[in-house]
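Visitor: Kindly return the folded structure for what I paste below:
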Amino acid sequence: MTYTADSSTAGSADRPEHIDVVIVGAGLSGVGAAYRLQTECPERSYAIIEARRSLGGTWDLFRYPGVRSDSDMFTLGYAFKPWRDSKVLADGGSILRYIKETAAEFGIDRRIRYGTKVLGADWSTEAARWTVTLEHTDEAGHRTRSTVTCDFLYSCAGYYDYEKGHTPDFEGVDSFDGTVVHPQFWPEDLDHAGKRVVVIGSGATAVTLVPAMAQSAAHVTMLQRSPTWISSLPSRDKLADSVRAVLPERAAHRLVRSKNILFGIGVYQFCRRSPKAARRLLTGLNKRLLKDDRLVDEHLTPSYDPWDQRLCAVPDADLFKALRRGDAEIVTDHIDRFVPEGVRLRSGRVLEADIVVTATGLQLLAFGGIAPRVDGEPVALNRQFVWRGAMMTGVPNFAVCIGYTNASWTLRADLTSRLVCKVLNHMRRHDYAAVEPRPTSALKERPLLDLAAGYVQRSIDAFPRQGDRSPWKVRQNYVLDAASTLRTNLHRTLAPTPASRVRAARAARALSLVDQ
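Guide: Residues are numbered from 1 along each chain as shown. Below you'll find the predicted structure:
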């Protein structure tokens, strides 16, 4: 591959462009981070680096039938931008429009550099700044490289690999006469009307795809190795509609958002503290909806407890309605191999199919693929600890945005962005060039994402760790985090590098060059 210099962003050969804060990723998190940065740190310059040619992240990438949120939009949406739609679990197109509208309303879209990928990020202790290597791809596919420097690097690219999903190696897949597709890369011209479809998987993507495709497909089968906890939610929040009808928009948004936060935490705590009661409640509700006890017992009652893995939500019981109509079915079995007519199971049954959808999960990728280096040495991420779910030991002036696993991603994302702003203001107030979180005593390490889901277990060893106590423990409780995150004592945990020391080192270096 041949690269050329990009004069629009590279700056001069000796002095690359400098930006105070570089945000990586123009999805839901990146746009939210930009809003917080320009309102709480207005003196800081920033740019958003986006590898794709459009904003929206996940909600622009995923185009499979029925794609929607699996969290309510009053909490998945921004605290500063009321969600105006009536849908609780919104479709992907509506969410994408919401993100674009937010970016345009606050001028954030003008700060996004599209088609630009971070290839490397190198921290210099001497200069107290990052050098970020970028690759730019134009519409014709021509690639150029440049570098920028920044004081602070903030990764809002999530922890999924946007370039590849997870698909197991299925024996005989090349012999299949039909079409195999992964939801992450849905072909625009794929027509499933009147076709027999097998969806492999039982997670949030699968339970979304099955009822959506069943509307026009000849038949849809959800093939799972083991059941997943699934619960129905109303597609509209009647209480929210009533509140919005009588209160001003922002006041109604805050009230409904608070109600949904507390409800979500209550459900999670109930499931974790009383798993047997939670199992009875979920299976009882599903039996009432499906009116088929055998189906629930065999295919919708997992061996694990609720919230050992993420609970899947279906709006207005759409999956259950498709099952009751006979448009869809659930099969619990293991795949033996693909055959020309479909998928043969270990039981010997062959699921005939024209289309097989491998909803087999996503591939995790730490910090959107950014592999930070400090003074030329790569950072061993899996030996580091995360502080307040945001910054990391061993890497100064670096933050990551990681959402909740048991609640809306945006709740933690927004807290993290506000914490980053607090840190930046703390640095300016005390004339610090850099800060790095350091524990005051030994920590017992735990996985960063404490979920038993396969997609987590496959890759979690490549991620930094969380500790066994606050502020090194990544809690799954927004109320506790909201009460403590922005009140944290930064002097206690963040080890600073005074800017005066950096300026003195620069002056000494410049003087030595003159003497030479």
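Visitor: and residue 342, how many neighbours?
Guide: Using other C-beta atoms under 10 Å, residue 342 has 21 other residues around it. Just so you know, the C-beta spots here come from the backbone N, C-alpha and C atoms, and that holds for glycine as well.
Visitor: Identify each buried residue in stretch 148-163, please.
Guide: Under the neighbour-count criterion of 16 or more other C-beta atoms under 10 Å, stretch 148-163 has 148-162 buried.
Visitor: List just the nearest of the residues you listed to residue 107.
Guide: Nearest to residue 107 among the buried residues of stretch 148-163: residue 156, at 17.6 Å, using C-beta to C-beta.
Visitor: For the closest one, give its distance to residue 478.
Guide: In this structure, residue 156 and residue 478 are 18 Å apart, going by C-beta to C-beta, to the nearest Å.
Visitor: other SSEs contacting the longest helix seen in the chain?
Guide: Of all segments of type helix in the chain, defined using DSSP state H, the longest is helix 249-273. Packing partners of helix 249-273 (3 or more C-beta pairs under 8 Å, 6 or more residues apart in numbering; DSSP states H and E): helix 73-76, helix 238-246, helix 275-290, helix 478-484.
Visitor: Report the angle between it and helix 238-246.
Guide: Relative orientation of helix 249-273 versus helix 238-246 (axes from the mean of the first three to the mean of the last three C-alpha atoms, to 10 degrees): 160 degrees.
Visitor: Sheet-wise, list the partners of the helix or strand encompassing residue 314 with their directions.
Guide: Assigned by DSSP states H and E, residue 314 falls within strand 312-315. Paired with strand 312-315 in the same sheet, following DSSP bridges, are strand 230-233 (parallel).
Visitor: Comparing the helices and strands packed on helix 249-273, which stretch has the densest surroundings?
Guide: Of all the helices and strands packed on helix 249-273, helix 73-76 has the most neighbours on average by mean count of other C-beta atoms under 10 Å, namely a mean of 24.
Visitor: still on that earlier bit, for the helices and strands packed on helix 249-273, which one sits closest to residue 232?
Guide: Closest to residue 232 of the helices and strands packed on helix 249-273 is helix 275-290 (C-beta to C-beta; 6.1 Å).
Visitor: what does whatever helix or strand comes next after the closest one rub up against?
Guide: With elements assigned by DSSP H and E, the helix or strand that comes after helix 275-290 is helix 293-299. For helix 293-299, contacts defined as C-beta atoms under 8 Å, 6 or more residues apart in numbering pick out 224, 227, 283, 286, 287, 290, 323, 330, 331, 332.
Visitor: can you list the residues you listed in CSV and add distance to residue 55 and pLDDT?
Guide: Shown next, in CSV, are the contacts of helix 293-299 (distance: C-beta to C-beta, whole Å; pLDDT from 0 to 100):
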residue, distance to residue 55, pLDDT
224, 34, 97
227, 37, 96
283, 41, 97
286, 38, 97
287, 43, 97
290, 40, 96
323, 37, 97
330, 36, 98
331, 39, 98
332, 40, 98
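Visitor: what about residue 361, neighbour count?
Guide: What residue 361 shows, counting by other C-beta under 10 Å, is a neighbour count of 23.
Visitor: What of residue 134?
Guide: Here the number of neighbours of residue 134 (other C-beta under 10 Å) works out to 22.
Visitor: Check residue 303 too.
Guide: So residue 303, with other C-beta under 10 Å, has 7 neighbours.
Visitor: need the contact list for it.
Guide: 226, 227.
Visitor: swap in the one 10 residues further on?
Guide: By C-beta under 8 Å, 6+ apart, the contact set of residue 313 is 70, 71, 89, 204, 230, 231, 232, 233.
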